[in-house]
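S.K.: quick one, fold the following:
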Amino acid sequence: MTNFGHTGHGINIANYRLLSNGQGAQGKKSPHYRSTNDWKHETRNHVGLGGTTNLASASLRHASDSLQAAAADQEYADLNDVETALRNKIAQTESLKHGLESAVYDLGVEFDACTALRGSLEERMNTVQGKLDLNRSRLQNRDRRPNRERTMDDVEKQLLNQQQLISSFVEKVNRAISHLDKEMGNIDACRARLMADLKDKANAVEVDTGVLSIGQEGGSEELALRKKQNNVLKTPQTWTRSSTDNINSARHQIADSTRLRKAIRHIIYNSRQAEHETARMLNTSMMVKLGSTTYLKEDLDRQLAEVREEQHKAEHQRRKLAAALEAKRGPLMQSKERYEMRKARPDRESVQDDVERALAREIAHLHAVTAQINQKANAIDKELENLEVAAATIEDNIRDKESALALDRKMVLLDGRPGVNTPPPSSIASYPSTQLSAAKTQTLRRIGDLEGELSAAKREREMLENSISQLKSTLRV
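M.R.: Purely as a prediction, here's the structure:
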């Protein structure tokens, strides 16, 4: 027969479940009754759990030891990497810093060279300005020469050429100073960029050195206070290229400035050579002009003496003609009186005899001689007037020559030399008249002599033409 609620072994299923859940028959917990299998199973589970827990703990301890060792190794490797990177960074920064310092020093040297060149240009400008003032004074001095002496001679040409050359030189110096000022401004700007970069590099080296010196106990509070916020990090290539570009820009700036200084020196040297040559030619022309004017004045003095002598001789001849004319006056009156007295003879005796013809011939001869003497006297009077005019003209020319000589000597002495025959005081002096070669001096003297001979020949030709014209007029009479 079937027994409900029991198993085949006679176990009440309901009671078994209650006992398994720790409850009695009335549904209350019972601390005293447990299943034997459950008790054994629990013990075995606890034993297994302890072994598992021990194994897990041992594994965890081993993993922890491995992790600590790996962490220590990684920490040591990371620390070495950081220190190596810091040292490399400091070395690279120091290298760039030295390059910047070298570029800054070279820029300073180039700036000093430009400053020295600018000072020499200003000094040269003052010297050239003095020469320009001297040139203007000489031109103004020559403007006071008499009109007869105002010629476009070599001295005038050299003075105008020198004025143009010096004005051009002044303009070149002003342009050079302007270019130097601009170049010095560029050097200052480039040096300011390098100094700012150099300052940053020095600060970076200081900071990185401080970072390298930080230990596990901490670092300097001063460096910690320097921390900046919102920094935009650059790439290493950008950081290096920035400083390298600054250094290359400085090198290019130095090269450009060096070329500019070389070009300025070349231009100034060529201009000074041209200026010296012009001054030398001007000094030579002034000396030659003084010599030529002196030779012409001496020739005029000789010619004036000859004119005065000829005038004296003509006056003496005029007095002789006047005496001869006076001597002919008595015979002519005697012949005329005789001729008139013979007209008182009777008509029968009025004959064209030898006496009559002789008296008429004598009167005609006396009239002819008297007329010729009068013509000669008039010619001599006219010649005396011409001689007086010639003497006055020569004297006027001599006065102009003396005035021109005085002005020329004053013009030569404007440069401060103690005498006309002494060299100019500056380095651009040429050769004074005392230092002219013997051949050149002889040539100049020969030219002056030939000019004097030509003037004398012209005057002799004029006098001969006047004498021929007077003779022709006498023959016509």
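S.K.: make it CA atoms for all contacts and neighbour counts henceforth
M.R.: Fine.
S.K.: from Thr52, how far out is Glu42?
M.R.: Distance, Glu42 to Thr52, using Cα to Cα, to the nearest Å: 15 Å.
S.K.: can you give me phi and psi for Arg150?
M.R.: When read as degrees, to the nearest 10, the backbone of Arg150 gives phi -80, psi 90.
S.K.: list the contacts for it?
M.R.: 142-143 (Cα atoms under 8 Å, 6 or more residues apart in numbering).
S.K.: next structured bit after the helix or strand harbouring Ala274?
M.R.: Taking DSSP states H and E as the criterion, Ala274 maps to helix 236-342. For helix 236-342, the following helix or strand on the C-terminal side (DSSP H and E) is helix 354-412.
S.K.: what's the angle between that next one and helix 236-342?
M.R.: With axes from the mean of the first three to the mean of the last three Cα atoms, to 10 degrees defining the directions, helix 354-412 sits at 160 degrees from helix 236-342.
S.K.: the residue nearest to Phe111 when sequence neighbours are not counted - how many residues pack around it?
M.R.: Leaving out its chain neighbours, the residue that sits closest to Phe111 by Cα to Cα, 6 or more residues apart in numbering is Met184, at 6.3 Å. Other residues near Met184 number 20, with proximity taken as other Cα atoms under 10 Å.
S.K.: for Leu107, see how far away Met184 is.
M.R.: 10 Å.
S.K.: now the residue nearest to Phe111: which helix or strand?
M.R.: helix 154-213.
S.K.: so which elements touch that helix?
M.R.: Under the contact definition 3 or more Cα pairs under 8 Å, 6 or more residues apart in numbering; DSSP states H and E, helix 154-213 sits against helix 36-143, helix 236-342.
S.K.: by contact count, what packs against the last one?
M.R.: Secondary structure elements in contact with helix 236-342, counted by 3+ Cα pairs under 8 Å, 6+ apart, are helix 36-143, helix 154-213, helix 354-412, helix 438-476.
S.K.: by mean pLDDT, show me the worst of those.
M.R.: Ranked by mean pLDDT, these bottom out at helix 438-476, which scores a mean of 64.
S.K.: which residues does the spatially most central residue of the chain contact?
M.R.: For the chain, the residue whose C-alpha lies nearest the mean C-alpha position (Cα atoms, centre = their mean) is Val173; its distance is 2.5 Å. Listed by Cα under 8 Å, 6+ apart, the contact set of Val173 reads 121, 125, 268.
S.K.: Glu171 now?
M.R.: Applying Cα under 8 Å, 6+ apart, no residues contact Glu171.
S.K.: that one and Gly119, how far apart?
M.R.: 16 Å.
S.K.: also Asn174?
M.R.: From Asn174 to Gly119 the distance is 12 Å (Cα to Cα).
S.K.: domain-wise, how is this protein divided?
M.R.: As given by automatic domain parsing, the domain ranges for the chain are 96-214+234-291, 294-343+352-418+433-476.
S.K.: pick the most deeply packed of those.
M.R.: Most buried of the domains of the chain by mean neighbour count (mean count of other Cα atoms under 10 Å) is domain 96-214+234-291; its value is a mean of 17.
S.K.: how long is that one from one end to the other?
M.R.: Calculated as Cα to Cα, the first-to-last residue distance of domain 96-214+234-291 is 73 Å.
S.K.: distance from stretch 188-206 to the middle of the chain?
M.R.: Here the centre of stretch 188-206 is set off from its chain's centre by 35 Å, with Cα atoms, centre = their mean, to the nearest Å.
S.K.: number the residues from 22 up from this point.
M.R.: With the count now opening at 22, the last piece we talked about shows up as stretch 209-227.
S.K.: for stretch 412-420, C-alpha coordinates in PDB please.
M.R.: Only the C-alpha atoms of stretch 412-420 are listed here, as PDB (Å, rounded to 0.1, in the frame of the first residue of the first chain):
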ATOM      1  CA  ALA A 412      98.900 153.200 -74.300                       C
ATOM      2  CA  ALA A 413      95.600 153.800 -72.500                       C
ATOM      3  CA  THR A 414      94.300 150.400 -73.700                       C
ATOM      4  CA  ILE A 415      97.400 148.600 -72.600                       C
ATOM      5  CA  GLU A 416      97.400 150.400 -69.300                       C
ATOM      6  CA  ASP A 417      93.700 149.400 -68.800                       C
ATOM      7  CA  ASN A 418      94.600 145.800 -69.700                       C
ATOM      8  CA  ILE A 419      97.600 145.900 -67.300                       C
ATOM      9  CA  ARG A 420      95.300 147.100 -64.500                       C
END
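S.K.: quick one: contacts of that stretch?
M.R.: With Cα under 8 Å, 6+ apart as the test, stretch 412-420 has contacts from 169, 318, 321-322, 324-325, 328-329.
S.K.: before we move on, what about stretch 258-274?
M.R.: Contacts for stretch 258-274 (Cα under 8 Å, 6+ apart): 117, 120-121, 124-125, 128, 207-208, 211-212, 214-215, 218.
S.K.: over to stretch 329-344?
M.R.: 394-395, 397-398, 401-402, 404-405, 408-409, 412.
S.K.: what's the closest of the residues you listed to Ser78?
M.R.: Ala412 (148.9 Å; Cα to Cα).
S.K.: measure the residue nearest to Phe132 to Ile289 for me?
M.R.: Counting by Cα to Cα - Met205 and Ile289 are separated by 19 Å.
S.K.: dump stretch 177-196 to CSV, restricted to CA.
M.R.: Extracted C-alpha coordinates of stretch 177-196, given in CSV (Å, rounded to 0.1, in the frame of the first residue of the first chain):
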residue,chain,number,x,y,z
GLU,A,177,86.9,127.8,-64.2
LYS,A,178,86.3,124.4,-65.8
GLN,A,179,88.1,122.6,-63.0
LEU,A,180,86.3,124.6,-60.4
LEU,A,181,82.9,123.7,-61.9
ASN,A,182,83.9,120.1,-62.3
GLN,A,183,85.1,120.0,-58.7
GLN,A,184,81.8,121.5,-57.5
GLN,A,185,79.8,118.9,-59.4
LEU,A,186,82.0,116.1,-58.2
ILE,A,187,81.9,117.2,-54.5
SER,A,188,78.1,117.7,-54.6
SER,A,189,77.8,114.2,-56.1
PHE,A,190,80.1,112.9,-53.4
VAL,A,191,78.1,114.6,-50.6
GLU,A,192,74.9,113.0,-52.1
LYS,A,193,76.6,109.6,-52.1
VAL,A,194,77.8,110.0,-48.5
ASN,A,195,74.2,111.0,-47.4
ARG,A,196,72.8,107.9,-49.1
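S.K.: any idea how far that stretch is from the middle of the chain?
M.R.: Distance, centroid of stretch 177-196 to centroid of chain: 12 Å (Cα atoms, centre = their mean).
S.K.: please apply the same query to stretch 337-351.
M.R.: 81 Å.
S.K.: quick check, Asn442 in a helix?
M.R.: No - with DSSP: H, G, I helix; E, B strand; the rest coil as the criterion, Asn442 is assigned coil and is not in a helix.
S.K.: list phi and psi for it.
M.R.: phi -90, psi 10.
S.K.: what about it, neighbour count?
M.R.: 15.
S.K.: check what pLDDT Lys283 gets.
M.R.: 91.
S.K.: coming back round to it: ok now the helix holding Met205, how far from the chain's centre?
M.R.: 15 Å.
S.K.: what angle do it and helix 57-164 make?
M.R.: Going by the same axes, to 10 degrees, helix 175-234 makes 160 degrees with helix 57-164.
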